[in-house]
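Student: The following block contains a protein sequence and its predicted model.
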Amino acid sequence: MPLNIPNLLTWLRILLIPVFVSVFYLTDSTLSPHLKNLIATGVFLLAAITDWLDGYLARKLNQSSAFGAFLDPVADKLMVAAALILLVKLGRADAIIAFIIIGREITISALREWMAKVGEAKSVAVSFLGKVKTTFQMIAIIMLLLHDRLIGIDCQFLGGLLLYLAALLTLWSMGYYLMLATPRLKKHQI
């Protein structure tokens, strides 16, 4: 495991998960609900920034590694899954939407791993549609975590709407990846 700045940022993102989750387990007398929302949103936003930054630095500093390529998406999926489960627990997101998004992530991760094993990894590389889905998903989660009104915007309503849109894009992108993989799956007789 190469110890470089991008990998350290990825590890930081993983270490932020218990911090992020534990904020909502503090009593209201320890931390007001408003402050819980702000702190959790800040931690999630920091994790999202490190996600972008570790990839940027890996390319810029020529510090890409197989370990980093493996760990980065795992860290992303863990943080998003933790946020979605927490939002369901708080009553800010529907369980079926969380299931769709988390289920898609597991499915596509398994598909990418299998495709890499048969030498077809490039056929299911991240697409523009996947990036758009991720953008909507991250903005939705941030708004739902914030929960309060922000400069007149109802974050709960808009975040919920964006999360539904992210779920639709999730299904669409999963269909797209499966469609790309189907000829290769047939080629390897699966």
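Tutor: Everything's here; your move.
Student: Please name the residues that touch Val19.
Tutor: Val19 is in contact with Val43, counting by CB atoms under 8 Å, 6 or more residues apart in numbering. The way it works is simple: take the backbone N, C-alpha and C, and place the C-beta from them, glycine included.
Student: and it, what helix or strand is that in?
Tutor: helix 5-23 (DSSP states H and E).
Student: Next, the buried residues of that helix.
Tutor: Neighbour-count burial for helix 5-23, with 16 or more other CB atoms under 10 Å as criterion, is recorded at Pro6, Asn7, Leu9, Thr10, Trp11, Arg13, Leu16, Ile17, Phe20, Val21, Val23.
Student: which residues of this structure fall in strands?
Tutor: All strands of the chain, identified by DSSP state E, fall at 149-150, 153-154.
Student: Touching, Ala75 and Thr10? I think so.
Tutor: Yes - contact criterion CB atoms under 8 Å: Ala75 and Thr10 qualify, at 5.0 Å.
Student: now this structure, which segments are flagged as low pLDDT?
Tutor: Applying pLDDT under 70 to the chain flags the ranges 1, 120-127, 185, 188-190.
Student: again, 90 this time
Tutor: 1-7, 51-52, 54-59, 61-74, 107-134, 148-153, 173-190 (pLDDT under 90).
Student: Now do the contacts for the residue nearest to the spatial centre of the chain.
Tutor: Per CA atoms, centre = their mean, the C-alpha nearest to the average position across the chain is that of Val80, at 3.9 Å. By CB under 8 Å, 6+ apart, the contact set of Val80 is Ile101, Ile102, Glu105, Gln137, Met138, Ile141.
Student: give me the number of residues near the fifth one?
Tutor: By that I understand Met138. By the measure other CB atoms under 10 Å, the count of residues near Met138 is 22.
Student: okay, now the residue lying closest to it once chain neighbours are set aside: neighbour count?
Tutor: Leaving aside its chain neighbours, Met138 sits nearest to Ala48 (5.4 Å; criterion: CB to CB, 6 or more residues apart in numbering). Ala48 has 19 neighbouring residues, counting by other CB under 10 Å.
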